[in-house]
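Trainee: Below are the sequence and a predicted model for it; my questions follow.
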Amino acid sequence: MILDKVFPPDPRVENEAIELIKKGHEVFLFCLTYNDEEHEESINQIKVKRYKSNKFDYKMSALAYTVPYYSLVMKKKIANFLNKNKIEVIHIHDIRIAEAVFLTNRRRKLPVVLDLHDNMPEVMKFYPHLQKFPGKYIISPKRWKQKEEVFIKKSDKVITVSQEFVNELISRTNIDENKVVLVPNTIRRNFYNSFELNNEIVEKYKDSFVVLYLGDTHVRRGLLTAIRAIKNLKEQIPNIKLVIVGKNTTDYILKEEVNKLNINEFVDFEGWQNVLLFPSYIKISTICISPLRRNIQHDVAYANKLFQYMSLGKPLLVSNAIAQKNLIEKVKGGLVHEAMNVEDFESKILKLYNNPSLRDELGENGERFVKNEFTWDKTAKGLIDLYNNL
């Protein structure tokens, strides 16, 4: 496996590797380090091999498909990794490092599996450094999309995270539908079976009506909608508390909005927290949200947080980004609001606030779905079949 980030944490990478190891495969993970971590380590039987990187190379990774520097630097490291560990199959996590892999594999001709965690060219359009000079003029999402299509065609198999993403790839690239394998982001049973409740978090929010958001807080995730809704909701739900667990470089925009609306006492920015605390935050919540803005990426993928929320029996309120809307309506695990529509968000929160029995029903539906149909050990079947037949 080739990952151009530090490891851990990366739940998807770890889940896939563990599942393959359980089926008798030997998994080596190429990843990066920016400090003095162990260069070789075994984590859950994954043979982690860390290669030293630096801030300059990290910044140049944004220019991977503008100038070849990053790919050439990574090519040398990947060649060392492939040779040293006698690798037989390459599994690439996302496209930033894909060019380096294909350059390295030109003579080796090893089978390649391309794992698309995100529709990265679409996500990039929302990166802050692409909104201003010089990034706006030297980094081209269109170029990244062209490269992605080249890599898809060069790969032996392609993995994506939702049926909507599978459909989009097939229609866009005209590849054979048998080449694409669906491996959704789901959670392992120990997330909801083996956690320790954090008493500090329980005590802090015991008297609050908690509306919870977990994960990346970039403005494209729609949190401005939730923040603006709190201004009116606090009049009808005096103990409401919007709890935001996560961070992003655009957090200053969210915090400025909270200050402007004078609702600081109703919004808690908890920052990024250890994943082990996620179940505690979910347990103390009343409603869990994913108010994504609509875009091509959000319409074809849904986040791990949805399954984390549902696994602990919480009702959801999600925007009408297509993939998550389809999922929540199918499961009957929550309500759907129109993306970026503050009034609609407010009305759905009030509907849930005024109907405790509806909250219970939606929460139970979601919990039943996750525990009976959508845990990692079930949804990983596509990954196992892929490798058994490669």
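Mentor: It's in.

Trainee: For the rest of this, base every contact and every neighbour count on C-alpha atoms.
Mentor: Will do.

Trainee: give me the low-pLDDT residue ranges for the chain?
Mentor: Within the chain, no stretch has pLDDT under 70.

Trainee: care to break it down by domain?
Mentor: The record's domain parsing of the chain by automatic domain parsing lists 11-186+378-388, 190-372.

Trainee: what's the spacing between the longest one and its chain's center?
Mentor: Remark: domain 11-186+378-388 is offset 14 Å from the chain centroid, using C-alpha atoms, centre = their mean, to the nearest Å.

Trainee: Okay, the residue nearest to the spatial centre of the chain and residue 323: tell me how far apart.
Mentor: Nearest to the mean C-alpha position of the chain, by C-alpha atoms, centre = their mean, lies residue 303 at 5.1 Å. As for residue 303, its distance to residue 323 is 10 Å (criterion: C-alpha to C-alpha, to the nearest Å).

Trainee: Show me where the stretch 51-200 of the chain has its strands.
Mentor: With DSSP state E, counting those that start in this stretch applied, the stretch 51-200 of the chain shows strands at 90-93, 112-115, 157-160, 180-182, listed in chain order.

Trainee: Dump these to JSON lines, plus distance to residue 23.
Mentor: Below are these laid out as JSON lines (distance: least, C-alpha to C-alpha, whole Å):
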{"stretch": "strand 90-93", "distance to residue 23": "16"}
{"stretch": "strand 112-115", "distance to residue 23": "18"}
{"stretch": "strand 157-160", "distance to residue 23": "18"}
{"stretch": "strand 180-182", "distance to residue 23": "18"}
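
Trainee: Quick one, which of those gets closest to residue 372.
Mentor: Minimum separation from residue 372 across the strands of the stretch 51-200 of the chain (C-alpha to C-alpha) falls at strand 180-182, 18.7 Å.

Trainee: tell me what the closest one is packed against?
Mentor: Here strand 180-182 touches strand 157-160, helix 163-173, helix 381-388, going by 3 or more C-alpha pairs under 8 Å, 6 or more residues apart in numbering; DSSP states H and E.

Trainee: in it, what's buried?
Mentor: Within strand 180-182, the residues that count as buried by 16 or more other C-alpha atoms under 10 Å are 180-182.

Trainee: Return stretch 294-314 as PDB; C-alpha atoms alone will do.
Mentor: Once non-C-alpha atoms are left out, stretch 294-314 reads as follows in PDB (Å, rounded to 0.1, in the frame of the first residue of the first chain):
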ATOM      1  CA  ARG A 294     -23.700  20.400  -2.600                       C
ATOM      2  CA  ASN A 295     -20.900  19.800  -5.000                       C
ATOM      3  CA  ILE A 296     -19.700  16.900  -7.300                       C
ATOM      4  CA  GLN A 297     -17.600  15.300  -4.500                       C
ATOM      5  CA  HIS A 298     -20.200  15.600  -1.800                       C
ATOM      6  CA  ASP A 299     -22.900  14.300  -4.100                       C
ATOM      7  CA  VAL A 300     -21.000  11.000  -4.700                       C
ATOM      8  CA  ALA A 301     -19.500  10.300  -1.300                       C
ATOM      9  CA  TYR A 302     -20.600  10.000   2.300                       C
ATOM     10  CA  ALA A 303     -18.400  10.400   5.400                       C
ATOM     11  CA  ASN A 304     -17.500   7.800   8.000                       C
ATOM     12  CA  LYS A 305     -19.200  10.100  10.600                       C
ATOM     13  CA  LEU A 306     -22.600   9.000   9.400                       C
ATOM     14  CA  PHE A 307     -22.000   5.400  10.400                       C
ATOM     15  CA  GLN A 308     -20.300   6.400  13.700                       C
ATOM     16  CA  TYR A 309     -23.400   8.500  14.500                       C
ATOM     17  CA  MET A 310     -25.800   5.800  13.600                       C
ATOM     18  CA  SER A 311     -23.900   3.000  15.400                       C
ATOM     19  CA  LEU A 312     -24.700   4.600  18.700                       C
ATOM     20  CA  GLY A 313     -28.400   5.100  18.000                       C
ATOM     21  CA  LYS A 314     -28.500   8.800  17.300                       C
END
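
Trainee: From the chain's centre, how far out is it? Work that out for me.
Mentor: 9 Å.

Trainee: quick one: buried residues of that stretch?
Mentor: Residues 294, 296-314 are the ones in stretch 294-314 that count as buried (16+ other C-alpha under 10 Å).

Trainee: In terms of helices and strands, where is the nearest residue to residue 346 once chain neighbours are set aside?
Mentor: Using C-alpha to C-alpha, 6 or more residues apart in numbering and skipping residues adjacent in sequence, the residue nearest residue 346 is residue 229, 5.6 Å away. Secondary structure assignment for residue 229, by DSSP states H and E: helix 223-236.

Trainee: Tell me the first helix or strand C-terminal of that helix.
Mentor: Where DSSP H and E defines the elements, the next helix or strand beyond helix 223-236 is strand 240-245.

Trainee: May I have the strands that pair with that following strand, each with its orientation?
Mentor: strand 209-214 (parallel), strand 267-271 (parallel) (DSSP bridges).
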